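Asker: quick one: sequence and predicted model below, then my questions.
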There are 8 protein chains.
Amino acid sequence: MTLNEVTISRAILEEQHRALIDHLEMDAAVIGGGPSGLACAALLGERGVSCALIEKKLSIGGGMWGGGMMFPRIVVQEEARRLLDRFDIAYKEFEEGYYVAKSVEAVAKLTAAACDAGVEFFNLTTVEDVMIRGDGRIGGLVVNWTPVDMAGLHVDPLTMACTCTVDATGHDAMIARMVEKKGGALKVKGESFMWAERAESRILDHTKEVFPGLFVTGMAANAVAGECRMGPIFGGMLLSGERAAELVAERLRR
Amino acid sequence: MTLNEVTISRAILEEQHRALIDHLEMDAAVIGGGPSGLACAALLGERGVSCALIEKKLSIGGGMWGGGMMFPRIVVQEEARRLLDRFDIAYKEFEEGYYVAKSVEAVAKLTAAACDAGVEFFNLTTVEDVMIRGDGRIGGLVVNWTPVDMAGLHVDPLTMACTCTVDATGHDAMIARMVEKKGGALKVKGESFMWAERAESRILDHTKEVFPGLFVTGMAANAVAGECRMGPIFGGMLLSGERAAELVAERLRR
Amino acid sequence: MTLNEVTISRAILEEQHRALIDHLEMDAAVIGGGPSGLACAALLGERGVSCALIEKKLSIGGGMWGGGMMFPRIVVQEEARRLLDRFDIAYKEFEEGYYVAKSVEAVAKLTAAACDAGVEFFNLTTVEDVMIRGDGRIGGLVVNWTPVDMAGLHVDPLTMACTCTVDATGHDAMIARMVEKKGGALKVKGESFMWAERAESRILDHTKEVFPGLFVTGMAANAVAGECRMGPIFGGMLLSGERAAELVAERLRR
Amino acid sequence: MTLNEVTISRAILEEQHRALIDHLEMDAAVIGGGPSGLACAALLGERGVSCALIEKKLSIGGGMWGGGMMFPRIVVQEEARRLLDRFDIAYKEFEEGYYVAKSVEAVAKLTAAACDAGVEFFNLTTVEDVMIRGDGRIGGLVVNWTPVDMAGLHVDPLTMACTCTVDATGHDAMIARMVEKKGGALKVKGESFMWAERAESRILDHTKEVFPGLFVTGMAANAVAGECRMGPIFGGMLLSGERAAELVAERLRR
Amino acid sequence: MTLNEVTISRAILEEQHRALIDHLEMDAAVIGGGPSGLACAALLGERGVSCALIEKKLSIGGGMWGGGMMFPRIVVQEEARRLLDRFDIAYKEFEEGYYVAKSVEAVAKLTAAACDAGVEFFNLTTVEDVMIRGDGRIGGLVVNWTPVDMAGLHVDPLTMACTCTVDATGHDAMIARMVEKKGGALKVKGESFMWAERAESRILDHTKEVFPGLFVTGMAANAVAGECRMGPIFGGMLLSGERAAELVAERLRR
Amino acid sequence: MTLNEVTISRAILEEQHRALIDHLEMDAAVIGGGPSGLACAALLGERGVSCALIEKKLSIGGGMWGGGMMFPRIVVQEEARRLLDRFDIAYKEFEEGYYVAKSVEAVAKLTAAACDAGVEFFNLTTVEDVMIRGDGRIGGLVVNWTPVDMAGLHVDPLTMACTCTVDATGHDAMIARMVEKKGGALKVKGESFMWAERAESRILDHTKEVFPGLFVTGMAANAVAGECRMGPIFGGMLLSGERAAELVAERLRR
Amino acid sequence: MTLNEVTISRAILEEQHRALIDHLEMDAAVIGGGPSGLACAALLGERGVSCALIEKKLSIGGGMWGGGMMFPRIVVQEEARRLLDRFDIAYKEFEEGYYVAKSVEAVAKLTAAACDAGVEFFNLTTVEDVMIRGDGRIGGLVVNWTPVDMAGLHVDPLTMACTCTVDATGHDAMIARMVEKKGGALKVKGESFMWAERAESRILDHTKEVFPGLFVTGMAANAVAGECRMGPIFGGMLLSGERAAELVAERLRR
Amino acid sequence: MTLNEVTISRAILEEQHRALIDHLEMDAAVIGGGPSGLACAALLGERGVSCALIEKKLSIGGGMWGGGMMFPRIVVQEEARRLLDRFDIAYKEFEEGYYVAKSVEAVAKLTAAACDAGVEFFNLTTVEDVMIRGDGRIGGLVVNWTPVDMAGLHVDPLTMACTCTVDATGHDAMIARMVEKKGGALKVKGESFMWAERAESRILDHTKEVFPGLFVTGMAANAVAGECRMGPIFGGMLLSGERAAELVAERLRR
């Protein structure tokens, strides 16, 4: 067939432009494309929430690609096995209650699920700040291209409005820290020592709205709460993403 | 439930160790996790070929994540639409014969398909050299951890044997160039100017065994042949991956 | 008044999207925002040519901002004084025939003139390659965001079609070198020693179409021809830009 | 004509030397060549104030070149439209009260206006410190070449005296922070969250003399006051520059 | 003889995998391969303690390789001469009570002794965190490949359990500082001025269990105690290593 | 006891100064502290040859520390088992004829043996050039501190004379390449593909005097000859070091 | 004549070794080779004090080489003119009481004077710490090669004993800050704003013993005292160096 | 006395401006401030030649500061002893015919001599190119600030005219290479192996006019001729500088 380079360019520009315009005002924005963010976004999408996942890096998946110490396997415990099933991630029982999956497959399947659920992905996009108007709640995100920051350039950001924001940025809890640093009533205690059992058992309690409009999930939830870290076991991550989706949906009354 | 950090570590180590040992001798190794490499590996796996995909970076997906100029959309033409369907990638017709998909979804679905087909992924793994014994054909790969190279450390590599090697490393055609640089009878002409139509129509001819045991696919095929480049249209990439899988399977007589 | 951040974002996105779509096919593209490129673009615009100026950096102006050795003054000789007048750049006679202007003003006024003439600016945009189809002439540019390259990311480019391309990239003659490197019938001889008088007197002869569809102007013209360099005197730059505009307009038959 | 390289060099050296000597003692120094600094300097120059604009970078224009997220457009609201007209910057109404201009044109026209008003530009010049003598007011600037700092060299600065100093350095409020850091009675509260409406409505109140001899304008004014940020809307920037010019002129009794 | 690359690879992988699995639960872990860490590990091994030495760098030996100011000699005083003899390190009397040895030999012989004593070495391994469960004592280490950190990658760690941990990380007292930073009841006072005599005479007192499960030795012991530094005299280092081994063995009741 | 920091400093300075002066003229200099260089130096020392080992890095051991892919194990085949015994390196039979040792122990024991044999080590020392006087043979080395080069400083080197030079710098064959680059009659063909069996069987033939006064050993021998590479099997390395020691000793008539 | 490279090397090594050994115990050590350090050292040497000047960089002269803003001229006022005469530095009267000298000549002549006075220079030498024994006074310096630090290597330092230490390290007052940071009873207030007249008039008062055994001179004196900065006028620097020499000599009772 | 910062600034600016203007046309320019360049410039100045020394770095002295391997001593042989005397550099006889001087003193005294002889120094100044007009000889230098290049900025240079140019840039022979690279009839063979005796005996023959208007001295002379290198013996350097001065003076007929 005949192919025209300009048509290809126009197709990409028009489609993505429309997607971006459509998400300048949305129900929920999930920041960070690791396991809890992906699970949360996928489940929000399945509930029909207009939702975008904003990821700083070029690729989606966060710290899950590398498994443990670059051995690309992850472990999930009994309580979260149903989520592996739900997202169609293959696994193998290692010992009773310990299931091993491939980290690459886990990323791919979670991402695929989010896509199927209608989540829009904005990768290479950095959240520089949040928008807080007169009502004192986070009502939007101030975003920029990641490479602008990587290249040390000075370029103004744009703004995307959202009713709910989910901080799924991992250990750094970057959105929560931004709020704290600028004087918002929020304290990020920071992740504590490794203690997998405790970390996994408490994470659902820490998954909640920590500032008007801001929900935390995954390691960001534990970091805000000063909770222990858990290493390469991902059950809590997935369950926390699920919980965050429920809380956000509830807030949006869906 | 009770969770033990050591059991988690052991589960990861044992499982991945077994996977690595199992792939020290395999049928096919695909180098590079971009669209053609993923398609090739997935289709090889579906045919029951013992196959690993070796990727230098932490994440799988290569240059496809960013779409065109960071607008995360890709275009596929009519001829390759059936592959979008086969890999369950959603798309939208932009103009007649031009289909637009989300780049993030394309990566996720291709990777998921390869996982489902039993392909083993070795990410963060760099191919430093190839093994060529007395028969003059490429019979294996000399591999190392990518971070060893990124950190400028001097550490010896290991060797993985494979009957067929597929160079899916994109513009750089890294395996082919390695062979050329060390004196193998192979000339990498380098990618020519942009001319999408020509590049797309010729890529299948260039997808072939270019040195005993070495097949090229995707932009690596065009780079070896001195063919034009095509930009963010991915039909040829997918078709080339499919063709490479057929050629390798034929060579392996499956 | 009431201000809405989302409306601000939408305004920027919609307007620039339209500008980009409108220039995916254009009459002329000038690469490089130094004095010759700006003069050329401004004069093309004044003739009604649909024209974009593509600049790699964030700011327009190239090497003119710094004057000579960071003393922000430039010199223009008698022959080109009329162009200072035309672009409304103030100057002072230093010795007979030597006019001194402020480098900052020169950049600002040339840029302003190009804007007034309807030229569209694409800054932070790198030309990675050219498009050459079956007719063997340069028919478009393969472009990407500059920060993508600065950040060492792997992202595919897009294509903009143009009937005429003007290489105004200075000493490097980047477009001409790209053509040469990929095997086009074009030899870039490289800039010779400093000899201002000779360089200034020959530059108009070197300003021409050096490859089907590709015109060179300013130091790029001298670099292709192996001509001398001239230092911080800018008369020849401006006259060469003017000449390039005439040649392009003629080719476009306007 | 005959051209002599040495005459060209001498012309540049003599003219710029004279300009520098003439500005070792001046009425007003504006630090930072973004929109508010340019507007302020241009309007001071129009009032006959002896004024220099000191810019750290090679190019003038600050963060305005890149528009929002590298889409080179800016937005100005109704209240400031008259300043677009005054500086001859073309615009288009997007929605009622929202006007979109090209960021490149805005920089060029503001800079051109400042040049026409007799402002002297010192680019590539960093303000390292301020001079405060016995009267306790800022009476001058301690300046150095920017590349000296970029290259990590240890070279002493020089001093330029000025009656009024305008900090137009944006978010960083660099001059104000310098004063604060060395113990001056001045507190820089730092920019708050994004809230364009509030930021735009308060900026004029924050544009004032915050320390004897030191005026703040633009985002520096908001940063000192702990005010919200506003993103790529520039009405407040221009109005703040205008206000700063009025205050300085008043102080100088002109 | 016939050699097979795959057998070589398998031999390395199988043997090291076994060693790693065997040390996922061990008696003692010594962090840091400088003189005190090596002496401690060697003497623990000789007592039959299951022990690993974990070193961040590729090579073992820490700061001892370079002697004083790159002159590869070290000095040991009378009190510790017997340890030079024990580890078979040659020396020469310089003045009464001052013995000079080669720094390269000292590293080699101490390392050899630890190997002979059955200590397992994990080099290129970084301790990222410690594991503290409900009993409040350090019960394990959170480890990762050093190059992962050097390359700026985000990869999850694994966990190794150990009954006793010895911080032999030198001036930085990295494990102790980790505990302090995350809120453990431990204060690292930091190394004081140089005063060799005092530093050497006090180091044995500072060698002790400073937090449940955590012992400090060598400069880490002095750093925790706020003690003086001693420079290139190594008697105290060796004696401190010996003392730490005794304390750990006692705790393990062997 | 009483300790004096100045005595400690003096002891180090005097002893190392004497060692350096003593080796300004020596029988043999071995460049590179990897397995073949260490074996060669140890065996030369045992024969009573005045010999120094010059190593660029701070630590001795070269690429052996990291085993294969950071798994710190090495393999030695039957033919070289006796050298493991000779240097007291423990090993374990993996399959018939394949012996696995710990890489850390191998470095430590080889280094210890060289120390015991009276070899002087100059670490952190870079060979910048060679001395070739009227007789056309390499009669000395031009050396400098490695950190001088790492820090990009311009400092003149010093010269050490030696009758025989052994290039044990591994793949790079740095001394041989230096001679080649400056026009000496020597061609470095560069290492070929991986083929362990061939590489191991040919290395002894390639271990020889390749230029008057210059012997090559280990991977440097194979690199000069254009021979294959062998990966983490070290039998050939050790045997080559032994052979080089014999050849040098013969040349020195001992 | 006949020249032997080894004799050249030996000559350098023997002579410098002797110089270093001779200065392991000395009367005074001046840290920093800027104007005040050089003047102080030269005048100490003239009084017969055994003295070394220790300079971090390769070259001596500090920040004086670059004059003001890279224009290599310095200014000295009337009060210090006699020191220009004393050190044989040529000058020119610019206005009454303002003398201009060449910065290059000033460095060269001050350095030459110090050499003639018998001062020993240790360049490329960093002071890492100070030695403080039981008497609580600074009795020596802990030194290392600067490139060791520049290259990020871990190498132990050596110690040089001295009765008096002069901190002439400029703005940073590095020795004083070291003492402060480790808990010594000394507060470094940091340099204040620019006010040349005040800075020059107070510097002699600030030149004094600020901690037992530690004297400050030049900008280090003003930095400790929280005094103003003075820019490229050097009278106070030279006078402060002279005063420091007097104080040190007095303390040494010479 | 009263001090005014602005007068200080003006004094520096006016004096240096005059010096620069005065040297825009001069008899001789020496590029490179190492030993041969300094000796040449000093002796030219003594003969009344109008001469500037242009040095890329901030400090003068080149590679002489560091002596040999950072031991700050240099050696001079009998033939050049009279030049040590002439420049008042103290020395000590090590063995017959070998004189050892302090490298710091050598730099200081040579620089002082050049200053006394009226040589003007332009440090931090890079020669980017040469000016060659119709007569085919080098008639000037194209210069820029070094930090401009270090900071990666794009700023135009200025031109200084000179009748004779002396390349004293050391091993790199930068001016000669510039001429060669742009097609001038000059071949730079590059420095050969170390052989001090030969290098020292031939350097005077190689010190000559190698291209119309271009003289080479010091290591640049040997590098152009493909001669041996000599290490830290400086007799030949000084004698070559003297010879270059004679040749230049002769050409200028003085």
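Answerer: Alright, I've got the coordinates.

Asker: mind giving me the packing neighbours of the strand or helix carrying residue A:41?
Answerer: For residue A:41, the host element (DSSP states H and E) is helix A:35-46. With contacts taken as 3 or more C-beta pairs under 8 Å, 6 or more residues apart in numbering or on different chains; DSSP states H and E, helix A:35-46 sits against strand A:25-31, strand A:51-54, helix A:103-116, helix A:219-225, helix A:235-251. Using the backbone N, CA and C atoms, a C-beta is placed for each residue, glycine as well.

Asker: I'd like to check the angle between that helix and helix B:103-116, please.
Answerer: Interaxial angle, helix A:35-46 versus helix B:103-116 (axes from the mean of the first three to the mean of the last three C-alpha atoms, to 10 degrees): 110 degrees.

Asker: quick one: the longest strand belonging to chain A near chain C?
Answerer: Taking DSSP state E as the assignment, the strand of chain A that covers the most residues is strand A:158-167. Yes. Residues of strand A:158-167 are located near chain C by C-beta under 8 Å from any C-beta of the partner chain, namely A:158-161.

Asker: and those residues, which are buried?
Answerer: Buried members of those, scored by 16 or more other C-beta atoms under 10 Å in any protein chain shown, are A:158-161.

Asker: got the angle between the next helix or strand after the longest strand of chain A and strand A:25-31?
Answerer: Downstream of strand A:158-167, the next assigned helix or strand under DSSP H and E is helix A:174-181. Angle, helix A:174-181 to strand A:25-31, by the same axes, to 10 degrees: 100 degrees.

Asker: can you spell out which helices and strands pack onto helix A:174-181?
Answerer: Under the contact definition 3+ C-beta pairs under 8 Å, 6+ apart, helix A:174-181 sits against strand A:125-132, strand A:158-167, strand A:209-211, strand A:214-216, helix A:219-225.

Asker: partner strands of the third one, parallel or antiparallel?
Answerer: Strands that pair with strand A:209-211, judged by DSSP bridges, come out as strand A:214-216 (antiparallel).

Asker: go ahead and flag the most central residue of chain A.
Answerer: Central residue of chain A (C-alpha atoms, centre = their mean): residue A:37, 2.4 Å from the mean position.

Asker: near chain E, which residues of chain A?
Answerer: Residues of chain A found near chain E (C-beta under 8 Å from any C-beta) are A:62-71, A:190, A:192-198, A:229, A:231-232.

Asker: quick one: which of those sit in helices?
Answerer: Per DSSP state H, helices hold the following members of the residues of chain A next to chain E: A:196-198.

Asker: return the member of these nearest to residue E:82.
Answerer: Nearest to residue E:82 out of those is residue A:196 (C-beta to C-beta; 44.9 Å).

Asker: residue contacts, the closest one?
Answerer: Each residue near residue A:196 by C-beta atoms under 8 Å, 6 or more residues apart in numbering or on different chains is listed here: A:228, A:230-231, A:233, B:3-5, B:8, E:159.

Asker: in TSV, list the helices and strands packed on helix A:174-181 along with mean pLDDT.
Answerer: Listed next are the helices and strands packed on helix A:174-181 as TSV, based on pLDDT from 0 to 100:
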stretch	mean pLDDT
strand A:125-132	98
strand A:158-167	98
strand A:209-211	98
strand A:214-216	98
helix A:219-225	98
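
Asker: hey, which of those is tucked in deepest?
Answerer: Mean neighbours per residue, mean count of other C-beta atoms under 10 Å in any protein chain shown, is largest over the helices and strands packed on helix A:174-181 for helix A:219-225, with a mean of 29.

Asker: what does that one rub up against?
Answerer: Contact with helix A:219-225 is made by A:32, A:34, A:36, A:167-176, A:186-191, A:199, A:202-203, A:205-208, A:210, A:216, A:227-230, A:237, A:240, A:244, as judged by C-beta under 8 Å, 6+ apart.

Asker: ok and the residue in the stretch 151-254 of chain A nearest chain G?
Answerer: residue A:152 (22.9 Å; C-beta to the nearest C-beta).

Asker: an error on my part: the question was meant for the stretch 1-150 of chain A.
Answerer: Of all residues in the stretch 1-150 of chain A, the one sitting closest to chain G is residue A:150 (23.5 Å; C-beta to the nearest C-beta).

Asker: since we're on that residue, how many residues are nearby?
Answerer: 17 (other C-beta atoms under 10 Å in any protein chain shown).

Asker: how much space separates it from chain E?
Answerer: 12 Å (C-beta to the nearest C-beta, to the nearest Å).

Asker: with adjacent residues omitted, what lies nearest to that residue?
Answerer: residue C:151 (3.8 Å; C-beta to C-beta, 6 or more residues apart in numbering or on different chains).

Asker: ok, now residue A:114?
Answerer: Nearest residue to residue A:114 in three dimensions, chain neighbours excluded: residue A:42, at 4.1 Å (C-beta to C-beta, 6+ apart).

Asker: show me what contacts the one you found?
Answerer: Per C-beta under 8 Å, 6+ apart, neighbours of residue A:42: A:87, A:110, A:113-114, A:116-117, A:119.

Asker: check residue A:184 too.
Answerer: A:132, A:211, D:193.

Asker: next one: residue A:80
Answerer: Counting by C-beta under 8 Å, 6+ apart, residue A:80 makes contact with A:234-236, A:238-239.

Asker: all set, thanks.
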